[in-house]
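Q: My questions concern the predicted model and sequence given below.
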There are 2 protein chains.
Amino acid sequence: MQSELLKGTLQTIVLKLLSENGKMYGYEMTKKVKELTKGQFELTEGALYPTLHKLEAQGNLTAETVQIGKRLRKYYRLTESGEKETAAKISELEAFILGLQQIIQPKIA
Amino acid sequence: MQSELLKGTLQTIVLKLLSENGKMYGYEMTKKVKELTKGQFELTEGALYPTLHKLEAQGNLTAETVQIGKRLRKYYRLTESGEKETAAKISELEAFILGLQQIIQPKIA
DNA sequence: GTCTAATACATTGGTTTCTTATGTATTTTA
DNA sequence: TAAAATACATAAGAAACCAATGTATTAGAC
């Protein structure tokens, strides 16, 4: 994701996207992230697809393949445990950001 | 740093600590980070020392060894290019956090 | 009409970064 | 006097991502 900072945030991002949008397919996620961050984040496919497969294997997502013309599109959505995982990961990320801010903005903290 | 989220932020944290405190030694940094984050972040030595050596090799830090009793203490401080690097990395981190927030708080964005 | 860009999936090899474990030695505190 | 804290360090391994590559379809530009 060309930032070196993203390590560990990708799963959280994917989960959050699905919790906001109900169901999405991989390519759509790459466009959505780019749009939301005005081009700042580029979610690469080499990172995304393995992450989706892992989240699915963990039971956090289910996949449904739809045929569009002759092309396949794989829609993902959260399972129940995926919804819990999303909430947990978002909390963790928010706490992490607060922790970071205590270090990088010591005057405000 | 027991969070999986820290990947890529460690250098930035070290640089920022030094820019705030002038000079510090490794062990001191681990205590400082723990104190600033009220125990939330534990900067492990296995991550810290290689990072310090790397920053030094890159010319961002200089080291000065001081003998305290029979024990050695290695003080680090920023070089001029280290100061520039600090500013750059802090900007990058802040932009990154803003980007993240656009994804995880889409209502506010 | 044809060529390029966009859509849509996927894997592989390599690098970077961190964690865990381990090691050495001194000093303070209980 | 024994344990905890101080203070440095390295090594092996895992996890996560990037870049490159691959296949195939579809839309749009010229």
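A: Yep, that arrived.

Q: Local confidence estimate at the residue lying closest to A:K89 once chain neighbours are set aside?
A: Excluding its sequence neighbours, the residue lying closest to A:K89 (Cβ to Cβ, 6 or more residues apart in numbering or on different chains) is A:T12, at 4.3 Å. Bear in mind the C-beta positions are built from the backbone N, C-alpha and C, glycine included. With respect to pLDDT, A:T12 scores 95.

Q: so the residue nearest the centre of chain A is in which element?
A: When Cα atoms, centre = their mean is applied to chain A, the residue found nearest the centroid is A:V14 (1.6 Å). In this structure, A:V14 is located in helix A:10-21 according to DSSP states H and E.

Q: ok, residues contacting that helix?
A: A:1, A:24, A:29, A:32-33, A:43, A:47-48, A:51-52, A:54-55, A:60-61, A:76-78, A:82-83, A:85-86, A:89-90, A:92-93, B:100, B:103-104, B:106 (Cβ atoms under 8 Å, 6 or more residues apart in numbering or on different chains).

Q: could you flag which of those residues are buried?
A: Buried members of the contacts of helix A:10-21, scored by 16 or more other Cβ atoms under 10 Å in any protein chain shown, are A:1, A:24, A:29, A:32-33, A:43, A:48, A:51-52, A:55, A:60-61, A:76-78, A:82, A:85-86, A:89-90, A:93, B:100, B:103-104.

Q: Please identify the helix or strand for A:Y76.
A: Assigned by DSSP H and E, A:Y76 falls in strand A:71-78.

Q: Any residue of that strand touching chain B?
A: No. Figure legend: strand A:71-78 not in contact with chain B (Cβ under 8 Å from any Cβ of the partner chain); closest approach 15.1 Å.

Q: mind listing the helices for chain A?
A: Along chain A, counting by DSSP state H, helices occupy A:10-21, A:26-36, A:45-57, A:80-104.

Q: Distance to B:T37 added to those helices, as a markdown table?
A: Formatted as a markdown table, those follow (distance: least, Cβ to Cβ, whole Å):
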| stretch | distance to B:T37 |
| --- | --- |
| helix A:10-21 | 19 |
| helix A:26-36 | 28 |
| helix A:45-57 | 28 |
| helix A:80-104 | 5 |
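
Q: which stretch among the ones you listed comes nearest B:G8?
A: Nearest of these to B:G8, taken as Cβ to Cβ: helix A:80-104 at 11.4 Å.

Q: what is the orientation angle of the closest one with strand A:71-78?
A: Angle of helix A:80-104 versus strand A:71-78, following axes from the mean of the first three to the mean of the last three Cα atoms, to 10 degrees, is 80 degrees.

Q: Which secondary structure elements does helix A:80-104 sit against?
A: helix A:10-21, helix B:10-21, helix B:26-36, helix B:80-104 (3 or more Cβ pairs under 8 Å, 6 or more residues apart in numbering or on different chains; DSSP states H and E).

Q: among those helices, where is the model least confident on average?
A: The lowest average pLDDT among the helices and strands packed on helix A:80-104, as it happens, falls on helix B:80-104, at a mean of 93.

Q: That helix vs DNA strand D: in contact?
A: No. For helix B:80-104, no contact with DNA strand D is found by Cβ under 7 Å from any atom of the strand; the gap never falls below 11.5 Å.

Q: Tell me which residues are up against that helix.
A: Residues contacting helix B:80-104 (Cβ under 8 Å, 6+ apart): A:3, A:5-6, A:9, A:12-13, A:16-17, A:33, A:36-38, A:40-41, A:90, A:93-94, A:97, A:100-101, A:104, B:9, B:11-12, B:15-16, B:18-19, B:55, B:58-61, B:78, B:108-109.
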